[in-house]
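Visitor: Need the 3D shape of this:
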Amino acid sequence: MTLVWRGREGVQPAAMATGTPRLHNGAVDAPDPHLALMARVARGDQGAFADLYDQLAPAVWGLVRSIVEDPVAAQQAMGDALVRVWAHARFFEPKDGPVQLWVGAIAREQSLAFTGPPIRRS
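Guide: Now for the predicted structure:
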């Protein structure tokens, strides 16, 4: 199912939207630009991972820094997230959404691990 952003009404299925499906910025909904890279990453292509990193790192860093205040912890969270992307790329399913959303979800999860209360060790 294709989803379309409709301002304050939120996200809705494209079939419910009127006219050509558009993103929140007015651009026509296009295929995922990272999909081919992710397929190569899933096959263990390190060069594809480097390219994917270059394309997504600024957005991932912005997300991580919005959750983790400490810059050192944020770097660790981002590194952990990207290691998980590499290790779990074969589990990515295009039908579940765009690559950037999947990577962002992993980054968010890793970031939240750095914001919880300290773990008590006995």
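Visitor: Just name whatever secondary elements the top helix by length along the chain is in contact with.
Guide: Across the chain, the helix with the greatest residue count (assigned by DSSP state H) is helix 46-67. Judged by 3 or more CB pairs under 8 Å, 6 or more residues apart in numbering; DSSP states H and E, helix 46-67 is in contact with helix 35-42, helix 71-88, helix 99-113. Backbone N, C-alpha and C define where each C-beta goes, glycine included.
Visitor: Buried by neighbour count: which residues of that helix qualify?
Guide: 48, 49, 51, 52, 53, 55, 56, 60, 63, 64, 65, 67 (16 or more other CB atoms under 10 Å).
Visitor: and those residues as CSV, adding distance to residue 86 and pLDDT?
Guide: Shown next, in CSV, are the buried residues of helix 46-67 (distance: CB to CB, whole Å; pLDDT from 0 to 100):
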residue, distance to residue 86, pLDDT
48, 10, 96
49, 6, 96
51, 13, 96
52, 9, 96
53, 9, 95
55, 15, 95
56, 12, 95
60, 13, 95
63, 18, 96
64, 16, 96
65, 21, 96
67, 21, 95
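Visitor: quick one: which of those residues is nearest residue 78?
Guide: residue 64 (4.8 Å; CB to CB).
Visitor: Could you report the separation of the closest one from residue 37?
Guide: Distance of residue 64 to residue 37, computed by CB to CB, to the nearest Å: 20 Å.
Visitor: in this protein, which helix or strand is least confident?
Guide: Using mean pLDDT, DSSP states H and E, strand 3-5 stands out as the lowest-scoring helix or strand of the chain, at a mean of 39.
Visitor: which residues does residue 57 contact?
Guide: Residue 57 is in contact with residue 78, counting by CB atoms under 8 Å, 6 or more residues apart in numbering.
Visitor: Kindly recompute the last result at 10 Å.
Guide: By CB atoms under 10 Å, 6 or more residues apart in numbering, the residues touching residue 57 are 78, 82, 103.
Visitor: Looking at these, which is nearest residue 31?
Guide: For the contacts of residue 57, the nearest to residue 31 is residue 103 (16.8 Å; CB to CB).
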